[in-house]
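J.: Show me how the following folds:
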Amino acid sequence: MFFVKKLILLGALISLVGVCSAQSDRSPEVERLNNAADVLHEIMVAPDRGIPEEVLEHAKCVAVVPHMIKGGLVFGAEHGRGVATCRTADGWSAPAFFAITGGSWGLQIGVEGVDLVMIIQNNKGMQRLLSSKFQIGADASAAAGPVGRHASADTNWKLDAEILTYSRARGAFAGVTLSGAYIGKDDDATWAFYGTHVSTREALTGRIPAPGAAESFLHAVRGAKTQALVQNDQR
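T.: The predicted model follows:
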């Protein structure tokens, strides 16, 4: 009996260590989700420089890269880790983790941290994101999105690109561009967060429920249009 109790106690301790380890391993991913929520909120409340409500209403998916590093001296490089969610019949999907890497050529000098928001605005762009890996420019077209409280009806923002990009920069940098950058699944982050193999398609099409740890990010996405309306009413 004593031996059985020791086995039960040992099992409980192992389970507790496993839970603590899983939470510890997942913390960078939770932090990424929270940072992405902060970025989206701060961009939306920027006076007259936010994402128009029409763009948000039209969005198929929203992807955020908090603090993407860009830098270079003639040759440029960029790298960041982000998180995305897409619309489903039941609301915004569970998050999918991705990495963005790439390079550029041009007159550029310095290092900059950029908070990046990408609005995927049609089914073709969404399918690119679901594929887990694609190249901006070659596989999916991207353009700087319109800013302000409303997107002008006489512009072609709905037609010109599959992805609209918004950024908030800190520091000095010239020649900022996403053309040629690769976006692919962040396998390590996905495994750490979900504790199992989850494909980008499974997460973004609503095949799995969103964990509670993703709520801050999903709340920010759901509230983005409301923030746009509030800012517009305050003008």
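J.: So what sits opposite residue 64 in the bridge?
T.: Taking DSSP bridges, one finds residue 83, residue 117 as the beta-bridge partners of residue 64.
J.: Please name the residues that touch it.
T.: The neighbourhood of residue 64, defined by C-beta atoms under 8 Å, 6 or more residues apart in numbering, consists of 36, 39, 40, 82, 83, 84, 115, 116, 117, 118, 217. Placement of C-beta: from N, CA and C, glycine included.
J.: Burial check on the fourth one, number of neighbours?
T.: Going back to what we said before, that points to residue 82. When neighbours are counted by other C-beta atoms under 10 Å, residue 82 registers 26.
J.: Residue 196 too?
T.: When neighbours are defined as other C-beta under 10 Å, residue 196 has 8 of them.
J.: now residue 218
T.: The burial count assigned to residue 218 is 19, neighbours taken as other C-beta under 10 Å.
J.: For it, give its distance to residue 124.
T.: The spacing between residue 218 and residue 124, counted by C-beta to C-beta, to the nearest Å, is 24 Å.
J.: So residue 222: helix, strand or coil?
T.: When states are read from DSSP: H, G, I helix; E, B strand; the rest coil, the local structure at residue 222 comes out as helix.
J.: who does the nearest residue to it once chain neighbours are set aside bridge with?
T.: Counting by C-beta to C-beta, 6 or more residues apart in numbering, residue 222 lies nearest to residue 92, which is 6.3 Å off, once chain neighbours are set aside. Beta bridges link residue 92 to residue 87 when assigned by DSSP bridges.
J.: and residue 92, how far is that from residue 44?
T.: Going from residue 92 to residue 44 by C-beta to C-beta gives 15 Å.
J.: So between the two, which is more surrounded?
T.: It is residue 44, of residue 92 and residue 44, that has more neighbours when counted by other C-beta under 10 Å, with 23 against 20.
J.: Phi and psi next, for that one.
T.: Listed backbone geometry of residue 44 is phi -70, psi -30, with angles given as degrees, to the nearest 10.
J.: could you point out where this structure is predicted with low confidence?
T.: Low-confidence regions of the chain, defined by pLDDT under 70, span residues 1-26, 46-49, 69-78, 103-113, 148-160, 169-177, 225-235.
J.: cutoff 90 now
T.: For the chain, applying pLDDT under 90 flags the ranges 1-27, 39-58, 67-80, 100-118, 121-122, 124, 131-182, 223-235.
J.: Strands of that one, start to end?
T.: If you assign secondary structure with DSSP state E, the strands in the chain sit at 61-88, 91-92, 96-120, 133-135, 142-144, 163-170, 182-185.
J.: and the residue nearest to residue 222, what is it in contact with?
T.: Contacts were defined as C-beta under 8 Å, 6+ apart; by that measure residue 92 touches 62, 85, 86, 210, 218, 221, 222.
J.: Apply 7 Å and report the result again.
T.: Applying C-beta atoms under 7 Å, 6 or more residues apart in numbering to residue 92 gives the contacts 85, 218, 221, 222.
J.: Pull the number of nearby residues for the third one.
T.: It stands for residue 221. Residue 221: 24 surrounding residues under other C-beta under 10 Å.
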